[in-house]
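# only geometry, no sequence info:
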């Protein structure tokens, strides 16, 4: 039986999160619009920072880690807002570069009364792909490196350096082109897919996670929302059920899961405990409206784990 708090939670990890930062425009509605041309009234509206790796970075910082975010955006209104949001969350942004003439990533998010969401994303434009400016020499100071697939060149550079230094790598494997996964998976220790991404890349066969492990990943996992998370490690299959909570808003839940999991990996938590911890953090986020505003603290996450285990 796990003691509370687990000993690894008493550490303060250093974490690098690399990849997408976006600005989210969020509308809250009773129901989604019907056929094309339909219209609904929003009860709430908010503008907040988003993006997979950026929200994972905020999650890890909220849990108590020392976090750097490495990424790109446009030197525009949205980019400056995103950088300011990350700084306010105690995330290091010295290597979050805003490029003149580039356009930042923006998402429109609609959340219904059941907590489900629809997203339209503009991934940005004219952001240089070259990763030569990244402070790769600092990788060895991190307890783990998390990346999403939205900047493959940056992720490959960071993961290669991490592999050379023996630093664990965590891939937030959302939907991406097959060649992106072919590049990154051989450099990944912990590959955590969304269900749509896994099905798109590995198909719907009986053992898609086994094919991910064939790339050399130590842990291959898939998050399945209310069904929890499944993973393979050392040839064995495992499952962590989702925590039973009333969902209000699922926005950012996957990013929170990845950030909490990377936090646990960075302090050397056993894999099963890392997944349980991440599931608790993501579940708590779903009980609260908003993306980053719903991210729990370390004490809140451990309390849910302790009371529901």
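Structure's in. What do you need? Quantities reported herein were computed from a predicted structural model and do not represent experimental measurements. Numbering: from 1, shown residues only.

# next secondary structure element downstream of the longest helix along the chain?
For the chain, the helix with the greatest residue count under DSSP state H is helix 271-286. Beyond helix 271-286 in the direction of the C-terminus, DSSP states H and E gives the next helix or strand as helix 298-308.

# what comes up buried for that next one?
For helix 298-308, a neighbour-count test (16 or more other Cβ atoms under 10 Å) marks 298, 301-305 as buried. All C-beta spots, glycine's among them, are computed from the backbone N, C-alpha and C.

# now do stretch 96-105
Buried residues in stretch 96-105 (16+ other Cβ under 10 Å): 96-99, 102-105.

# could you find which two of the residues you listed are furthest from each other?
Farthest apart among the buried residues of stretch 96-105 by Cβ to Cβ are 96 and 103. That separation is 15.7 Å.

# follow-up on the earlier one: which strands or helices does the longest helix of the chain pack on?
Contact analysis of helix 271-286 by 3 or more Cβ pairs under 8 Å, 6 or more residues apart in numbering; DSSP states H and E lists strand 219-223, strand 229-233, strand 236-240, helix 253-266, helix 298-308 as its packing neighbours.

# sorry, back to before: nearest to residue 294, of the buried residues of stretch 96-105?
residue 105 (20.8 Å).

# what residues does that closest one make contact with?
Taking Cβ atoms under 8 Å, 6 or more residues apart in numbering, we find residue 105 in contact with 20-23, 51, 73, 78, 121-124.

# show me what it is bridged to.
residue 22 (DSSP bridges).

# how close does residue 203 get to residue 264?
Distance of residue 203 to residue 264, computed by Cβ to Cβ, to the nearest Å: 29 Å.

# who has more neighbours out of the two?
For residue 203 versus residue 264, neighbours defined as other Cβ atoms under 10 Å are more numerous around residue 264 (28 against 10).

# measure the more buried one to residue 248 for me?
From residue 264 to residue 248 the distance is 25 Å (Cβ to Cβ).

# which residue is most remote from the mean position of the protein?
Residue farthest from the centre of the chain, counting by Cα atoms, centre = their mean, is residue 37 at 33.1 Å.

# so that one, which of the three states?
Secondary structure, DSSP: H, G, I helix; E, B strand; the rest coil: residue 37 is coil.

# hmm, back to that, in strands, which of the buried residues of stretch 96-105 appear?
Among the buried residues of stretch 96-105, DSSP state E puts 96-99, 105 in strands.

# helices or strands up against the helix or strand hosting residue 157?
Per DSSP H and E, residue 157 falls inside helix 152-165. Judged by 3+ Cβ pairs under 8 Å, 6+ apart, helix 152-165 is in contact with strand 14-19, strand 66-74, strand 144-147, strand 169-173, helix 178-184.

# any chance of the ones you listed in CSV, plus mean pLDDT and mean neighbour count?
Putting the helices and strands packed on helix 152-165 into CSV (pLDDT from 0 to 100; neighbours: other Cβ atoms under 10 Å) gives the following:
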stretch, mean pLDDT, mean neighbour count
strand 14-19, 98, 28
strand 66-74, 97, 26
strand 144-147, 98, 30
strand 169-173, 98, 29
helix 178-184, 97, 16
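
# out of those, flag the one nearest residue 227.
With Cβ to Cβ as the criterion, residue 227 lies closest to strand 169-173 of the helices and strands packed on helix 152-165, at 17.3 Å.

# and residue 8, that one's in a helix?
Yes. Counting by three-state DSSP, residue 8 falls inside a helix.

# test my guess that it contacts residue 269.
Yes. Using Cβ atoms under 8 Å, residue 8 makes contact with residue 269 at a distance of 4.5 Å.

# picking up where we left off before, redo the ones in strands among the buried residues of stretch 96-105 as CSV? Include distance to residue 258 and pLDDT.
CSV is the format used below for these (distance: Cβ to Cβ, whole Å; pLDDT from 0 to 100):
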residue, distance to residue 258, pLDDT
96, 18, 98
97, 22, 98
98, 24, 98
99, 25, 98
105, 17, 94
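
# just to check, residue 159 is in contact with residue 145?
Yes. Counting by Cβ under 8 Å, residue 159 touches residue 145, with 6.6 Å between them.

# which residues do those two both contact?
Joint contacts of residue 159 and residue 145 (Cβ under 8 Å, 6+ apart) are residue 169.

# I'd like to know which elements the helix or strand of the chain with the lowest mean pLDDT is packed against.
Using mean pLDDT, DSSP states H and E, strand 117-122 stands out as the lowest-scoring helix or strand of the chain, at a mean of 87. Applying 3+ Cβ pairs under 8 Å, 6+ apart, we find strand 117-122 packed against strand 105-111.
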